[in-house]
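Enquirer: the amino acid sequence is not available; the structure is as follows:
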RNA sequence: GCCCCGGUAGCUCAGUGGAUAGAGCAGCGGUUUCCUAAACCGUUGGUCGGAGGUUCAACUCCUCUCCGGGGCACCA
């Protein structure tokens, strides 16, 4: 419907040239009495043309060449809205489109031929993924899905660092636990990794090597084993919630390739860096940021900024048209430095889109659980998935705007009842599957021959909702707003339940019954497609 | 001191500068001899944190301010 109107206005703009280059908006009015679609063009033009908006609206309507069989009525309302009422005979045509496109209904080719990379999770292998990482993981994967739905070829990538201080501390934490298990007296520093998993890794080393490692240092087998075990655990968790990375990018590669040295030289050559207090600084103030930052420490080790910039350069070299970085809000001060560095080297930093999601607050028995990886006071993503299931985890993390804090109530999520919106959606899908099984036994088949019989209000409301889906996918993808899909699906499911409460199939006149079966299939397809974007399963039975 | 995010119904949250601000849950009252009641219907509930400003029109944009969260590393 929107597409039809939008084409209509583009055509009309050839006659009424003032319709060109203005940002009019088509919207579905809040109230049914305001039609199916509404446009605000006349009000926007009012100031520009210094004319009465209702007068302009009239002129626009006179010049619209619309098909009577598609648009039944056009009205001017309020301060100058133009309201369109679509013909009840046109509206069911969407069913044909859905039944033809099936699992592709909602996809578009708008960005066909473009390549995108979504970098997410990117947690260093110092411990299991926590609930905090869960939001990043789920949203990142869903954003990648959305981009695929609008035509992008998408790569998912995980960037990690297995060198540096944190990893040394990790290795030493394992070493100390190893010694402790062998009944040596140790002093375990407070800022070391406190988690149980460290002891498990130490035990594993004892099982394999006995006490032969007593003289080994932290950096060797202790660190290596820790990294290997932890990564295996992370990947297992990712698999459980359906995430498959295309690539794991090790920061260390950037050193081996000589990219770090090269980058340092580039900054020096371009006079963008300087030495002070035995460290090398990047002139970020000259690039428009607040303060200069260190890129090489006194120790000679680069800070994260240098490899981060080098890493993004590899993304540019790999030919991505769009690069998404997804971080938690604790990183929100880091990315402007990286982008400024890229700009200074001539890269188009507009192609890099940094998404920041706010924190997850876990509520347990009415209390906020404070979490810290190092203190081991956290709930792992694995535990969460075990308790509530992958579908609930995926849905909960997807259902809120990423800029809002997410309140994850463990008791509620565990409840597997109607308080959980994910069950509402899955039930709608399962209910349709059940209906379809039933009507088949009755010898009824879907038919597109008499869709014009779908004239009841609830039927028309559901049909109109189908029209919105492709546009909803497009808007969600272009704005990286995963929660819009969840909201849309809840509205869609609600409309289906209302339809089915009022309209029965078995017992209705045959042509009507078969048209309604087609309507059910269309609803099921749309629900399933939406759920697949979110990575939530669509069960046939519950 | 500075930067980012939030503040909307009892709770959790939606809300492209548009018409009378919505949903879910909770509360209250109903609906099933009938293809899934994990459903549906009705109803209660609002100073959109506050103050200015821009606009034909502000929950939405701008300024100031209060409250909460996250940052401002030679950690990532």
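Expert: Looks like it arrived, so ask away. Since we're looking at a predicted model, the values are computed, not measured.
Enquirer: how about stretch A:104-119 against RNA strand B, any contact?
Expert: No: Stretch A:104-119 is not in contact with RNA strand B by Cβ under 7 Å from any atom of the strand; minimum separation 11.8 Å. (Glycine included, C-beta is placed from N, CA and C.)
Enquirer: so where's the stretch 51-200 of chain A uncertain?
Expert: The stretch 51-200 of chain A contains no residues with pLDDT under 70.
Enquirer: would you map the strands across it?
Expert: A:71-77, A:81-86, A:115-119, A:153-160 (DSSP state E, counting those that start in this stretch).
Enquirer: any idea which of those is most buried?
Expert: strand A:115-119 (a mean of 24; mean count of other Cβ atoms under 10 Å).
Enquirer: partner strands of that strand, parallel or antiparallel?
Expert: Sheet pairing for strand A:115-119, assigned by DSSP bridges, gives strand A:153-160 (parallel), strand A:322-328 (parallel).
Enquirer: what's that strand in contact with?
Expert: Applying Cβ atoms under 8 Å, 6 or more residues apart in numbering, the set of residues contacting strand A:115-119 from outside is A:140-141, A:143-144, A:147, A:152-159, A:315, A:318-326.
Enquirer: distance between the ends of stretch A:219-227?
Expert: End-to-end distance of stretch A:219-227 (Cα to Cα, to the nearest Å): 11 Å.
Enquirer: buried sites along it?
Expert: A:221, A:222, A:223, A:225, A:226, A:227 (16 or more other Cβ atoms under 10 Å).
Enquirer: so what does the strand or helix carrying the fourth one touch, helix or strand wise?
Expert: Pointing back at residue A:225 there. Using DSSP states H and E, residue A:225 sits within helix A:223-240. Using 3 or more Cβ pairs under 8 Å, 6 or more residues apart in numbering; DSSP states H and E, the elements in contact with helix A:223-240 are helix A:165-181, helix A:196-209, helix A:381-388.
Enquirer: report whether the helix or strand of chain A with the lowest mean pLDDT contacts RNA strand B.
Expert: When the helices and strands of chain A are scored by mean pLDDT, DSSP states H and E, strand A:367-369 comes last with a mean of 77. No: shown here: strand A:367-369 not in contact with RNA strand B (Cβ under 7 Å from any atom of the strand), separated by at least 9.0 Å.
Enquirer: can you give the contact residues for that strand?
Expert: For strand A:367-369, contacts defined as Cβ under 8 Å, 6+ apart pick out A:361, A:362, A:363, A:377, A:378, A:379.
Enquirer: related to what we said a few turns ago, mind putting the strands of the stretch 51-200 of chain A in CSV, distance to residue A:301 included?
Expert: As requested, the strands of the stretch 51-200 of chain A are arranged in CSV below (distance: least, Cβ to Cβ, whole Å):
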stretch, distance to residue A:301
strand A:71-77, 67
strand A:81-86, 62
strand A:115-119, 23
strand A:153-160, 17
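Enquirer: coming back round to it: ok, the contacts of strand A:367-369 vs residue A:484, which is closest?
Expert: Of all those, residue A:361 has the smallest distance to residue A:484: 22.2 Å, by Cβ to Cβ.
Enquirer: would you indicate which residues of the helix or strand harbouring the closest one are buried?
Expert: Assigned by DSSP H and E, residue A:361 belongs to strand A:360-364. Neighbour-count burial for strand A:360-364, counted by 16+ other Cβ under 10 Å, picks out A:360, A:361, A:362.
Enquirer: quick check: closest non-adjacent residue to residue A:424.
Expert: Leaving out its chain neighbours, the residue that sits closest to residue A:424 by Cβ to Cβ, 6 or more residues apart in numbering is residue A:493, at 5.8 Å.
Enquirer: how about the strands of the stretch 251-400 of chain A, start to end?
Expert: Under the criterion DSSP E, counting those that start in this stretch, the stretch 251-400 of chain A contains strands at A:273-276, A:279-282, A:293-296, A:322-328, A:352-357, A:360-364, A:367-369.
Enquirer: want to throw these into JSON lines with distance to residue A:7?
Expert: As requested, the strands of the stretch 251-400 of chain A are exported to JSON lines (distance: least, Cβ to Cβ, whole Å):
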{"stretch": "strand A:273-276", "distance to residue A:7": "54"}
{"stretch": "strand A:279-282", "distance to residue A:7": "50"}
{"stretch": "strand A:293-296", "distance to residue A:7": "51"}
{"stretch": "strand A:322-328", "distance to residue A:7": "27"}
{"stretch": "strand A:352-357", "distance to residue A:7": "30"}
{"stretch": "strand A:360-364", "distance to residue A:7": "43"}
{"stretch": "strand A:367-369", "distance to residue A:7": "52"}
